[in-house]
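Undergrad: sequence and computational prediction follow.
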Amino acid sequence: MIRRAVKKIKYFGWNLRTALYVFFRKREADIVLAGAWMGTKFADNSRFLFQYLNNNKEKLGLQKVIWVTRDETVNRKLRDHGYESYLCGTRESDYWHKTAGIHIICNAIYPQNHFEPDIDTHLSWGAKKINLWHGVGLKCTGKTANNYGKKIHAGEEKSFFKKTIKKLISSGGWESESYHLCTSPFMLEVNKRNFEYDEKLFFYSQYPRNCNCLRYMPEEVKVIEDLKKFQGIVIYLPTFRDQGKEYFHPLQDGEICSFLRENHYVWVDKPHPAETEFFSGKTDACHRYILPAEFDINILYENCTVMISDYSSAVFDGILKDIPVIAYVPDLAEYKKGNNGLMMDFEQCLAGLTTRNTKGVLNMLEEVKSRCYFDGCRKKTYEDNKERFWDNRRPDYQEIWETIAKLGHA
C-alpha cells in the first residue's frame, strides 16, 4: 500500500515537471515517438506503423519519426539502417520524449515485475498518447484476469474530480487519457472490461502489423531465406504459462517429427517473451528453428503454411490472413483456472480448429498437406471470427494513420 502511494506521488511529480516544461516549450505535433514491448524489441504494431510513417514523412507532413528502446543492440541496428533511434534514459531520449507531440506504444504503460514500459511514459504529459495494443484474443488480461483481485465495474461513470485525480497520479496521464485501438465493436466491449477506460478513449482501426512489412532487418531476411528452402513452414506460437506447470510440446510426439521430416516441413518455435520455461528438446529429429523471443514473428506470416498456437492472439492474426490454424490446447481446463483465464467458450469460438492432443495436431497437419483443411465447418469459423474480431476490414496503413491523426479533433 505504501509502495503504491509512493509511486503515485512520484508520477505526480514527473507530470508536474513535464507540464511546466511543455508549457514554455510547446510539443511539436508533427514529431512522432514510438516504442514497443517494454523497450526490448523492434516489433509488432508499433514497428509496422513506425516504418510506414518513416517512409512517408514528407507525404504525411511529419518532421520526425523517432524510435526509443532500452536495448543497445536494437538501438544500434536501427541506427545502422538509417532510422532515428535513442536509448531510453539518455539526454537525447528525454528531450524527444518531452518534444514529440504523439507518443505510440503497443504494450506496457507501467513497470511490471522485471519489465519496464515500452517508452518512458512518465514523460508523456501533454502528448497525444496512442496505445496500439498487441492482442486480439480470448485470453483474459488486465482487470478481467483471474489473478486480478479488484471487482470489475465496467462502464461505471467516474466524477470529474476522480478522473482528474486519476490523471494526475498516473504515469504521464496514460491511464486516463490515452487512446486505445480496438479492431471491432466486439473488441471494444472486451477492452472496456479489461482496462476500464472511458469509452471515448477507444477508437476503431486495424492492426498495423497485419499490413505488409515495408522493410526487413538483416537477421529477418536470413531467416526468411532459410525457411523458404522447405516444402512447408509450421510456426508454433504458444502463449506463456504459469511457472512450473507441465506442458507437452508437440515435438515430443515422434509421429509429428516423422511427418515433418518425411514431408520436408520445417518447425519454427517462437517462445512468448513472458515465458520462463521452454521445451528445447532434441533438434535432430526434424528440421527445427528456435527463434529468439525478441524476433518479430509477424514478418513470417506471409510464408507460413500452418500456424499452431493456443490462447494467443496470433490465432486471430492467422485467421485474418487465411492461414490454416491449429489450436493445440492440452491444458484447456487448467488454463481456464490459471492466472489469466478465458473471456468466452474457447472451443465454441474456434470450432473445428481445436485439439487437446497431438494426434489431433497430426490429423490436421495431414489435412493441410492434402489441401482439405477448409472443408466442413472451418470456413464458417473463419468468417465468423473475421467479423467478430476484425469487423471484416482489411488492414491499410493510410486508413490507420488517418484515424489516429483525427483523434482529439471533435
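TA: Happy to help now that I have it. Not measured: the values here are computed from a predicted model.
Undergrad: next one: phi and psi at L320?
TA: phi -60, psi -40 (degrees, to the nearest 10).
Undergrad: burial of it, as a residue count?
TA: Close neighbours of L320, defined as other C-beta atoms under 10 Å, add up to 23. Placement of C-beta: from N, CA and C, glycine included.
Undergrad: quick check: pLDDT value at it.
TA: At L320, the model reports a pLDDT of 96.
Undergrad: kindly report the same for Y83.
TA: In this model, Y83 carries a pLDDT of 98.
Undergrad: leaving out the residues flanking it, which one is nearest to it?
TA: W67 (5.9 Å; C-beta to C-beta, 6 or more residues apart in numbering).
Undergrad: show me the shaky parts of the stretch 1-150 of the chain.
TA: Along the stretch 1-150 of the chain, the model assigns pLDDT under 70 to residues 1, 142-145, 147-150.
Undergrad: what ranges does it have for its strands?
TA: Assigned by DSSP state E, counting those that start in this stretch, the strands in the stretch 1-150 of the chain fall at 28-34, 64-69, 84-87, 100-105, 128-131.
Undergrad: which stretches of the stretch 251-400 of the chain aren't confidently modelled?
TA: 273-285.
Undergrad: how does it look with 90?
TA: 270-286, 292-294, 331-346, 375-376, 392-394 (pLDDT under 90).
Undergrad: which parts of it are strands?
TA: Using DSSP E, counting those that start in this stretch, strands in the stretch 251-400 of the chain cover 265-269, 288-290, 306-309, 325-328, 354-355.
Undergrad: quick one: residues contacting the residue nearest to Y83.
TA: Applying C-beta atoms under 8 Å, 6 or more residues apart in numbering, one finds that W67 lies in contact with L33, A34, G35, F42, F50, L78, Y83, E84, S85, Y86.
Undergrad: how much space separates F12 from T18?
TA: Counting by C-beta to C-beta, to the nearest Å, the separation of F12 from T18 is 11 Å.
Undergrad: the more surrounded of the two?
TA: Ranked by neighbour count (other C-beta under 10 Å), F12 and T18 place T18 first, with 22 against 14.
Undergrad: now the more buried one. Nearest residue, chain neighbours left out?
TA: Leaving aside its sequence neighbours, T18 sits nearest to W125 (C-beta to C-beta, 6+ apart; 4.0 Å).
Undergrad: P218 now?
TA: Per C-beta to C-beta, 6+ apart, closest to P218 is K77, 7.9 Å.
Undergrad: what's around that neighbour, how many residues?
TA: Neighbour count of K77, defined by other C-beta under 10 Å: 17.
Undergrad: for it, what are its contacts?
TA: F42, M217, P218.
Undergrad: from memory the first one sits against F48, does it?
TA: Meaning F42. No. Look at F42 against F48 with C-beta atoms under 8 Å: they stay out of range, at 10.3 Å.
Undergrad: of all the contacts of W67, which two lie farthest apart?
TA: L33 and F42 (14.1 Å; C-beta to C-beta).
Undergrad: rewinding a little: would you mind measuring from the residue nearest to T18 to I102?
TA: For W125, the distance to I102 - C-beta to C-beta - is 14 Å.
Undergrad: and these two? which has more neighbours close in?
TA: Applying other C-beta under 10 Å to W125 and I102 shows that W125 carries more neighbours, namely 28 against 22.
Undergrad: test my guess that the more buried one contacts V22.
TA: Yes. Between W125 and V22 there is a contact under C-beta under 8 Å: 6.9 Å.
Undergrad: what is the end-to-end distance of stretch 136-146?
TA: 18 Å (C-alpha to C-alpha, to the nearest Å).
Undergrad: from here on, call the first residue 510.
TA: I'll keep to 510 as the first residue from here, and by that count the last item is stretch 645-655.
Undergrad: got the buried residues for the biggest helix by length in the chain?
TA: Counting residues, the longest helix found in the chain (DSSP state H) is helix 511-533. Buried residues in helix 511-533, defined by neighbour count with 16 or more other C-beta atoms under 10 Å: K517, Y520, W523, N524, T527, Y530, V531.
Undergrad: between the residues you listed, which sits nearest Y604?
TA: Y530 (9.9 Å).
Undergrad: okay, now the closest residue to the closest one other than its chain neighbours: neighbour count?
TA: Distances taken as C-beta to C-beta, 6+ apart put K607 closest to Y530, at 5.4 Å, once the chain neighbours are dropped. When neighbours are counted by other C-beta under 10 Å, K607 registers 20.
Undergrad: ok, now which ones touch K607?
TA: By C-beta under 8 Å, 6+ apart, the neighbours of K607 are T527, Y530, V531, R534, R536, L632.
Undergrad: check contacts around P626.
TA: Here P626 is in contact with M547, G548, I614, A617, I618, Y619, P620, S680 (criterion: C-beta under 8 Å, 6+ apart).
Undergrad: out of those residues, who's the most crowded?
TA: Among the contacts of P626, I614 has the most neighbours (other C-beta under 10 Å), with 30 neighbours.
Undergrad: how far away is that one from G635?
TA: Remark: distance between I614 and G635 (C-beta to C-beta) = 16 Å.
Undergrad: most neighbours of all the contacts of K586, which one?
TA: F551 (26 neighbours).
Undergrad: who's in contact with that one?
TA: Counted by C-beta under 8 Å, 6+ apart, F551 has contacts A545, W576, T578, V583, K586, L587, M726, D805.
Undergrad: any chance of these in JSON lines, plus distance to R797?
TA: Formatted as JSON lines, the contacts of F551 follow (distance: C-beta to C-beta, whole Å):
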{"residue": "A545", "distance to R797": "27"}
{"residue": "W576", "distance to R797": "32"}
{"residue": "T578", "distance to R797": "29"}
{"residue": "V583", "distance to R797": "26"}
{"residue": "K586", "distance to R797": "25"}
{"residue": "L587", "distance to R797": "29"}
{"residue": "M726", "distance to R797": "22"}
{"residue": "D805", "distance to R797": "19"}
